[in-house]
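K.L.:
My questions concern the predicted model and sequence given below.
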Amino acid sequence: MPDADPRLYLLAGLALFAIGFYSLVVQTHLLRRIMALNVMGSGVFLAFLALALKAAAPMPDPVPHAMVLTGIVVAVCATGLALALADRVQALEANEETPAPEEPPSAETGSEPEDAG
Amino acid sequence: MSFLDFLSALLLVPALFFFVAGTVALLRFPDLYSRLHALTKADNVGLGFAVLALMLRAENGVEVFKLALIWGLVLAASSTVCFLIGQEAVRRGLKPWTRQSP
Amino acid sequence: MIPQLLDGTLVLVVVALAWRALNDRDLFRGVIEFIALGLLLAMAWLRLRAPDLALAEAAVGSGLTGALILSALVRMRRREQAAAGQPAGVATGPWAKDRAKNFSRVLLGALSVAMLGTLAWAALSLPAKARGLTAEALARLPDSGVTNPVTAVLLNFRAYDTLLEIGVLLLAIVGVWALRRGEWPAADLRERPLLLSLLRWVLPLLAVGAGYLLWIGASAPGGAFQGGALLAGALVLALLSGLGRRLLRRGRLVRTGLTIGVLVFGVAGAVALGWTGGLLQYPTGQAGAWILVIEAAALVSIGLTLGLLYLGGRPGEK
């Protein structure tokens, strides 16, 4: 099978970046925003690899490949951290909205309601 | 084109047929249980034909072994996942579709 | 003709799916579409001749990220329900009927399209043939100790990048542990005999597979990252089924595993600095062995870090 046209994938990467950017600003749910950041990252990876394919003689440029490989793994870690933060934000917001109980059961359970699970 | 290549291409025809059938069933079947049925049966037969076709093009025995391993893993994983999803659906009280139901 | 058709379809589906995943009214469906997007991206990496990345994307980018987001969604929904006392079926979308909001959305859409146009113009006006660093990488490949150019770049030519990246992984898990206490997925294996019989042979197979990927990474697509991804998948399965409980009770062992990648990598760098005078500049002729040791330690850390992210916080008994 002949090589793909790098320009096609380059444009797709840029489109993913733009879609992610638009959704990042427009969407309000934190999960959607985290996914939007991931899509933007995937767009950058796609553009990067398309550019690496341009230098395909006798093989694609291995340096962008190595960078994208670390990028994928770092993106997952950042997503995990962002999700933990989003969870914390939601827990704090829920605490603010509900009126405080007259007698707080204990300081421990008040700060981390998810501990019950 | 050698005889093996021809045979391999021939095997891809039923593979495609079963994949398309599985996909159409996934989209068209009325409830979760029948969709699970389509996914785990039709698609795995399709994958089996595709794996057989690729085995005929393999360069050595190790590749044949790896392909067989992939098929085995997919079969085991999909039947287990099917069981888990089905069990959860039964537990939540999802009724199987019948012709009488609206 | 057929390859172009394949590429065109793949690219169109990727872009459409990205849009749907982020703007679907049903958040749950959006998450599923996001996972499917990751799998299609793995195919795109194959078409771009990057099998190393296809392996990592399928396991980490799609599988693990999907599992993380899905479990976060379930957790958030449960809390929303508890807070409101009513089922929160469809998350509130952005589709408010507010005219001012609509106007700003149109404006932002126009801005995004303009940005896309500018970027596309800039990208397409690049020279058609790029030189890249392929020639330089291939010229020094015999000295690198491995024959897979991507592994050579990762663990020799730009090893300091990878060292810092393993550090980033450690920082991420430290951050997650500081924020929350993890949740124990409660699965009763006695009710799921099929799952137990699958895990009995799949978990060891995944561990062997991780070792195989580490070893083969010297000469073919594979390496510590792909092996670590496989290990992380095995760990998530073990956590989901409750089999991982015993491992997590041994806190010191887990912490050692999480840090061993950075430790070994850092010590190797320091020893190489004293030996040859260059940070992470391995002694001539021994690079292969050094890389294997560093990669083995990194494999353990990467697998543990990515797998434990799934808990969403520090492990700890109630």
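P.N.:
Looks like it arrived, so ask away.

K.L.:
Can you tell me, leaving aside adjacent residues, what's nearest to residue C:181?
P.N.:
residue C:313 (4.7 Å; Cβ to Cβ, 6 or more residues apart in numbering or on different chains). For the C-beta atoms, the positions are set from N, CA and C on the backbone; glycine is no exception.

K.L.:
Just the element for residue C:178, please.
P.N.:
Here residue C:178 is covered by helix C:159-179, with elements defined by DSSP states H and E.

K.L.:
what about whichever helix or strand comes after that helix, near chain B?
P.N.:
Going down the chain from helix C:159-179, the next helix or strand is helix C:193-216, by DSSP H and E. Yes - judged by Cβ under 8 Å from any Cβ of the partner chain, helix C:193-216 comes into contact with chain B at C:194-195, C:198, C:202, C:205.

K.L.:
how about low-confidence regions in chain B?
P.N.:
Counting by pLDDT under 70, chain B shows low-confidence ranges at B:1, B:101-102.

K.L.:
biggest helix in chain B, by residue count?
P.N.:
When chain B is parsed with DSSP state H, its longest helix is helix B:61-91.

K.L.:
Pull out the buried residues from that helix.
P.N.:
B:67, B:71, B:74, B:76, B:78, B:80-83, B:85-86, B:89 (16 or more other Cβ atoms under 10 Å in any protein chain shown).

K.L.:
CSV please, covering these and showing distance to residue C:218.
P.N.:
Shown next, in CSV, are those (distance: Cβ to Cβ, whole Å):
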residue, distance to residue C:218
B:67, 23
B:71, 28
B:74, 28
B:76, 30
B:78, 33
B:80, 34
B:81, 34
B:82, 38
B:83, 39
B:85, 40
B:86, 43
B:89, 46
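
K.L.:
Between those residues, which sits nearest chain A?
P.N.:
residue B:67 (18.9 Å; Cβ to the nearest Cβ).

K.L.:
give the contact list for that closest one.
P.N.:
B:51, B:54-55, B:58 (Cβ atoms under 8 Å, 6 or more residues apart in numbering or on different chains).

K.L.:
Over to residue C:296?
P.N.:
Per Cβ under 8 Å, 6+ apart, neighbours of residue C:296: C:214, C:224.

K.L.:
And it, how close does it get to residue C:40?
P.N.:
Residue C:296 sits 32 Å away from residue C:40, going by Cβ to Cβ, to the nearest Å.

K.L.:
now the residue lying closest to residue C:51 once chain neighbours are set aside, what's its secondary structure?
P.N.:
In this structure, residue C:51 finds its nearest non-sequential neighbour in residue C:221, 4.1 Å apart by Cβ to Cβ, 6+ apart. Three-state assignment for residue C:221 (DSSP: H, G, I helix; E, B strand; the rest coil): coil.

K.L.:
what about residue C:221, neighbour count?
P.N.:
Residue C:221: 19 surrounding residues under other Cβ atoms under 10 Å in any protein chain shown.

K.L.:
got it, and the one 5 residues further on?
P.N.:
The burial metric for residue C:226, expressed as a neighbour count using other Cβ under 10 Å, is 30.

K.L.:
Check what pLDDT it gets.
P.N.:
For residue C:226, the pLDDT comes out at 92.

K.L.:
Check which helix or strand it maps to.
P.N.:
helix C:224-241.

K.L.:
Please spell out which residues along the helix or strand following that helix are buried.
P.N.:
Sequence order places helix C:245-249 as the next helix or strand after helix C:224-241, per DSSP H and E. Under the neighbour-count criterion of 16+ other Cβ under 10 Å, helix C:245-249 has C:247-248 buried.

K.L.:
Show residues contacting helix C:245-249.
P.N.:
Under Cβ under 8 Å, 6+ apart, the answer for helix C:245-249 is C:184, C:238-239, C:253-254, C:315, C:317.

K.L.:
What's the mean pLDDT across it?
P.N.:
Mean predicted confidence for helix C:245-249 is 81.

K.L.:
Output the contacting helices and strands for the helix or strand that it is followed by.
P.N.:
For helix C:245-249, the following helix or strand on the C-terminal side (DSSP H and E) is helix C:251-276. Judged by 3 or more Cβ pairs under 8 Å, 6 or more residues apart in numbering or on different chains; DSSP states H and E, helix C:251-276 is in contact with helix C:159-179, helix C:245-249, helix C:287-309.

K.L.:
make it 7 Å
P.N.:
When contacts are defined as 3 or more Cβ pairs under 7 Å, 6 or more residues apart in numbering or on different chains; DSSP states H and E, helix C:251-276 sits against helix C:159-179, helix C:287-309.

K.L.:
May I see the buried residues of it?
P.N.:
C:254, C:257-262, C:264-266, C:268-269, C:272.

K.L.:
can you tell me which residues contact residue A:72?
P.N.:
Contacts for residue A:72 (Cβ atoms under 7 Å, 6 or more residues apart in numbering or on different chains) come out as C:53, C:56-57, C:60-61.

K.L.:
Pick out the lowest-pLDDT one from the residues you listed.
P.N.:
Confidence-wise, residue C:61 trails the rest of the contacts of residue A:72, at 83.

K.L.:
Now for it, how many residues are close by?
P.N.:
For residue C:61, using other Cβ under 10 Å, the count is 30.

K.L.:
what does residue C:172 give?
P.N.:
23.

K.L.:
any residue of the helix holding residue C:226 up close to chain B?
P.N.:
No - with Cβ under 7 Å from any Cβ of the partner chain as the criterion, chain B is not reached by helix C:224-241; the gap is at least 10.1 Å.

K.L.:
Give me the helices and strands touching that helix, please.
P.N.:
Using 3+ Cβ pairs under 7 Å, 6+ apart: helix C:224-241 touches helix C:51-56, helix C:193-216, helix C:287-309.

K.L.:
can you list contacts of that helix?
P.N.:
Contacts of helix C:224-241 (Cβ under 7 Å, 6+ apart): A:69, A:73, C:52, C:55-56, C:59-60, C:63-64, C:67, C:185, C:187, C:189, C:195, C:199, C:203, C:206-207, C:209-211, C:213-214, C:217, C:244, C:295, C:298-299, C:302-304, C:306-307, C:310-311.

K.L.:
quick one: low-confidence parts of chain A?
P.N.:
A:56, A:97-117.

K.L.:
can you tell me the residue of it closest to chain B?
P.N.:
residue A:1 (13.4 Å).

K.L.:
Please verify my assumption that that residue contacts residue C:4.
P.N.:
No - between residue A:1 and residue C:4 there is no contact under Cβ atoms under 7 Å: 10.7 Å.

K.L.:
Who has more neighbours out of the two?
P.N.:
Neighbour count, other Cβ under 10 Å: between residue A:1 and residue C:4, residue C:4 has more, with 12 against 7.

K.L.:
Is that one in a helix, a strand, or coil?
P.N.:
Once three-state DSSP is applied, residue C:4 turns out helix.

K.L.:
if we can go back for a sec, I'd like the residues of helix C:193-216 next to chain B as CSV, with neighbour count and pLDDT appended.
P.N.:
Below are the residues of helix C:193-216 next to chain B laid out as CSV (neighbours: other Cβ atoms under 10 Å in any protein chain shown; pLDDT from 0 to 100):
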residue, neighbour count, pLDDT
C:194, 15, 84
C:195, 21, 85
C:198, 21, 88
C:202, 19, 91
C:205, 16, 93
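
K.L.:
Which one of the residues you listed is nearest to residue C:12?
P.N.:
Set against residue C:12, the nearest of the residues of helix C:193-216 next to chain B by Cβ to Cβ is residue C:202 (35.3 Å).

K.L.:
quick one, what contacts that closest one?
P.N.:
Contacts of residue C:202 (Cβ under 7 Å, 6+ apart): none.
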